[in-house]
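Student: turn this into a model:
(one chain, ligands or ions: 1)
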Amino acid sequence: MTLSRLTLAQFRSWPRLDLDLDHRPLAIFGPNGSGKTNILEAVSMLAPGRGLRGAAAPDQARQGRAAGWRIRARLGDSSIETAAPPGQTRGVVVDDKPVTQTALGRLLRVIWLVPAMDRLWTDPPDTRRRFLDRLTLSLMPDHADLALGYDRAMRERNRLLKDQVADPGWYRALEAQMAEAGAALTRNRLSALSTIIAAQDGAGFPAATLALLPGEGHACDADPASIADRLAAMRPRDLAAGRSLTGPHRADLGASWGPQDMPAALSSTGEQKALLLSLILANARALSDQPVVLLLDEVAAHLDADRRAALYDRICALPAQALLTGTGDELFAAFGPRARRLRVVRTDGASTAEEAP
Ligand SMILES: Nc1ncnc2c1ncn2[C@@H]1O[C@H](COP(=O)(O)OP(=O)(O)OP(=O)(O)O)[C@@H](O)[C@H]1O
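Tutor: Coordinates of the predicted model:
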């Protein structure tokens, strides 16, 4: 099942865009600031959450217009609409019925790689954990609810710690909730990592060795009783800090590759990008029985010609739709006739597009 049509109205720099899509990759090219990433961002709004820029809905509405934005798409026989009228949060309608964002996530998986993720391996652990959780969520839709449950209990525990409440009676139920949800989060993360490791094909891109790391806490425990014991034991230290210092919320993702088991953080910029691509492609491959859209923003620029050709071969072999951006048409030459190409320009602030022959 593929996305066959995409319509944007008043979204970022696009007053309007009507785009027919098919199973072929779509290579979007044009000058800086012409509106290429804005198209990918619009597609990312067909997934739960705030899209690939993590933006607030009002910022996505076309500046200077009173109207809110709207995105429509056709997926197989279903119609999807998501819109944010002025001053309101975004809503989702599938086949004319309002649905939750979680329901949207069950219809379509959207996976992305954007330049901000180039620093993933050198950024603080939070960034990698968010990446790991997004990857896990794409494979296990219950992951979002578990994370919400864990965060809710932890917020309440943090409030007690901040207020310097010392009575153990106040903590036990919250720590039990954190332990149950946290153990399930860890099991999901470990299972997602095994799936991704198995789905890397190692051809053209380095197959990464991945590990769930404890970060600054004991964050890899999948046993509720031992998490609860540790939370209780750590209470005096947490009270001194005024927040929960250990637990699954401190987990980190480790990656290394090659015969020398080179840590990702010590690899070159191009190698780090290739590693990330290896994981993203594996993620798409692991979801082969569901509709998947892959959004690759400016990935070609960091890759040498051989890697670029290898990437395009892999994209064409994926059971997923791919949309890519780059400043120049020549970056996509190795696709040959396998991809469609869309030229984007911006005139008087408004983006427009035409299919390149
Ligand atoms: N809400 C908005 N309304 C109108 N224009 C916007 C809005 N938000 C961002 N823009 C404009 O969109 C442009 C950025 O678009 P986008 O990121 O899609 O460009 P791009 O073609 O991917 O560029 P690059 O090659 O530099 O990455 C900027 O010029 C920005 O001013």
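
Student: which residues touch whichever residue of the stretch 151-300 of the chain sits closest to the ligand?
Tutor: Closest to the ligand within the stretch 151-300 of the chain is residue 298: 6.2 Å, counting by Cβ to the nearest ligand atom. The way it works is simple: take the backbone N, C-alpha and C, and place the C-beta from them, glycine included. Shown in contact with residue 298 (Cβ atoms under 8 Å, 6 or more residues apart in numbering): 37, 114-115, 325-327.

Student: tell me the SS of the residue of the stretch 51-200 of the chain at minimum distance from the ligand?
Tutor: Across the stretch 51-200 of the chain, the shortest distance to the ligand (Cβ to the nearest ligand atom) belongs to residue 63, at 3.7 Å. Following DSSP: H, G, I helix; E, B strand; the rest coil, we place residue 63 in the coil state.

Student: report pLDDT for it.
Tutor: Reading off the confidence values, residue 63 has pLDDT 91.

Student: swap in residue 258?
Tutor: Residue 258 carries a pLDDT score of 85 in this model.

Student: grab the nearest non-local neighbour of it.
Tutor: In this structure, residue 258 finds its nearest non-sequential neighbour in residue 206, 6.0 Å apart by Cβ to Cβ, 6 or more residues apart in numbering.

Student: and that neighbour, how many neighbours?
Tutor: Residue 206 has 20 neighbours, counted by other Cβ atoms under 10 Å.

Student: doesn't residue 278 make contact with it?
Tutor: Yes: counting by Cβ atoms under 8 Å, residue 206 does reach residue 278; the two are 5.9 Å apart.

Student: about what we covered before: from the contacts of residue 298, which would you call buried?
Tutor: Buried members of those, counted by 16 or more other Cβ atoms under 10 Å: 37, 114, 325-326.

Student: out of these, who's near the ligand?
Tutor: By Cβ under 6 Å from any ligand atom, the members of the buried ones among the contacts of residue 298 lying near the ligand are 37, 325.

Student: now, the most widely separated pair of the buried ones among the contacts of residue 298?
Tutor: By the measure Cβ to Cβ, 114 and 326 form the most distant pair in the buried ones among the contacts of residue 298, at 13.1 Å.

Student: and after the helix or strand of the chain with the lowest mean pLDDT, which helix or strand comes next?
Tutor: None of the helices or strands of the chain scores lower by mean pLDDT, DSSP states H and E than helix 101-107, at a mean of 87. Next in sequence after helix 101-107, counting helices and strands by DSSP states H and E, comes strand 109-113.

Student: and that next one, what does it pack against?
Tutor: Contacts defined by 3 or more Cβ pairs under 8 Å, 6 or more residues apart in numbering; DSSP states H and E place strand 109-113 against helix 36-44, helix 269-286, strand 292-297.
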